[in-house]
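S.K.: missing the sequence, but the structure's below:
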Ligand SMILES: O=C(O)CCC(=O)C(=O)O
Ligand SMILES: [Fe+2]
């Protein structure tokens, strides 16, 4: 029997295949409960989503598309401009020397994928547009499934799930990590909390993500299969759940000589964020005033609090 003193906490792994994917399936209820508990206790989990075939081809196609995208000249990538947080082109600068990212808002909409593609390849690149659109749709399905499981496990009315689903926006971020030869640091992204509702991440075979546990230990993410997604709770989910779910604090590194590619789906909600009444009771009094996701993002962007990555920004914005 080993001591538990220095044991790194395990990450919850939830596998969705076969029966567990359908409401009628025998495992559905336990999968819903496991998902909710993982988000409540850890703020994230690994989801093995074994429903897309052939696995290697589906995921490999998007990594190939990213390779093609990031090999474009910097001036081309910089055409993807946005005043919004994390939506334009970022990285390969003194703040983020080992990182590069491009945002594609509205990825579930084919026209948005085409517009992004045409910005990068004015002569057109239907293959890229198609691959990214299909991958975005799949990730959106993953996100919807997670919302459905959480809502069901809390016993919240179906119309609330629909309300969330109908007002969700889908920002796809394509991320690339490569050790810069001119800097000492191996940091990819400094520790932070996503300002999203939910973040879904898929990486190639190169590791780098770490998530902080409640007792302050950094847990390295080592996906157990190529079909694994990391599902992270963002600040908006924390507020919506009335603090039952905690948003998760994470960071990334690049230690490898190989390039690390990550596809991230960051979802946001356009309507008013307000905890469902089922999540408010004597033991859990209302913790946040109703607010708009975009207003919170604007507040975050303009805030001058000393370390806004560490601070509980949503509490600061509308906590009761
Ligand atoms: O590189 C990763 O796995 C995480 C990326 C991330 O945290 C972000 O883009 O917000
Ligand atoms: Fe993040």
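M.R.: Now that the structure is in, tell me what you want to look at. Just so it is clear, the structure is predicted and the values come from calculations on it, not from any experiment. Ligands and ions are numbered 1, 2, ... in the order given.

S.K.: for the stretch 201-320 of the chain, what spans make up the helices?
M.R.: Across the stretch 201-320 of the chain, reading from the start of the chain, the helices by DSSP state H, counting those that start in this stretch fall at 235-240, 293-302, 313-318.

S.K.: interface residues of the stretch 151-300 of the chain facing ligand 1?
M.R.: Residues of the stretch 151-300 of the chain lying near ligand 1 by CB under 6 Å from any ligand atom: 173, 175, 188-189, 194, 201, 203, 208-209, 250, 252, 262, 264. All C-beta spots, glycine's among them, are computed from the backbone N, C-alpha and C.

S.K.: hmm, 8 Å instead?
M.R.: Counting by CB under 8 Å from any ligand atom, the stretch 151-300 of the chain comes close to ligand 1 at 173, 175, 177, 188-189, 192, 194, 199, 201, 203, 208-209, 221, 230, 232, 250-252, 260, 262, 264, 266.

S.K.: about what we covered before: winner for burial among the helices of the stretch 201-320 of the chain?
M.R.: Most buried of the helices of the stretch 201-320 of the chain by mean neighbour count (mean count of other CB atoms under 10 Å) is helix 235-240; its value is a mean of 25.

S.K.: for that one, which helices and strands make contact with it?
M.R.: Packed against helix 235-240 by the contact rule (3 or more CB pairs under 8 Å, 6 or more residues apart in numbering; DSSP states H and E) you find strand 260-269, strand 272-273, helix 293-302, helix 313-318.

S.K.: quick one on the thing from earlier: just the buried residues from the residues of the stretch 151-300 of the chain next to ligand 1, in PyMOL please.
M.R.: The buried subset of those, as determined by 16 or more other CB atoms under 10 Å, is captured in PyMOL by this line:
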select buried, resi 173+175+177+188+189+194+199+201+203+208+209+221+230+232+250+251+252+260+262+264+266
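
S.K.: and the residue of the stretch 101-250 of the chain that's closest to ligand 1?
M.R.: Ranking the residues of the stretch 101-250 of the chain by distance to ligand 1 (CB to the nearest ligand atom) places residue 209 first, at 3.6 Å.

S.K.: contacting residues for that residue?
M.R.: If you count contacts by CB atoms under 8 Å, 6 or more residues apart in numbering, residue 209 has them with 201, 203, 220, 221, 230, 250, 251, 252, 262.

S.K.: could you check the pLDDT of it?
M.R.: According to the prediction, residue 209 has pLDDT 98.

S.K.: and for the closest residue to residue 86 other than its chain neighbours, the neighbour number?
M.R.: With sequence-adjacent residues excluded and distances taken as CB to CB, 6 or more residues apart in numbering, residue 86 is closest to residue 103, at 5.7 Å. Residue 103 is surrounded by 22 other residues when neighbours are defined as other CB atoms under 10 Å.
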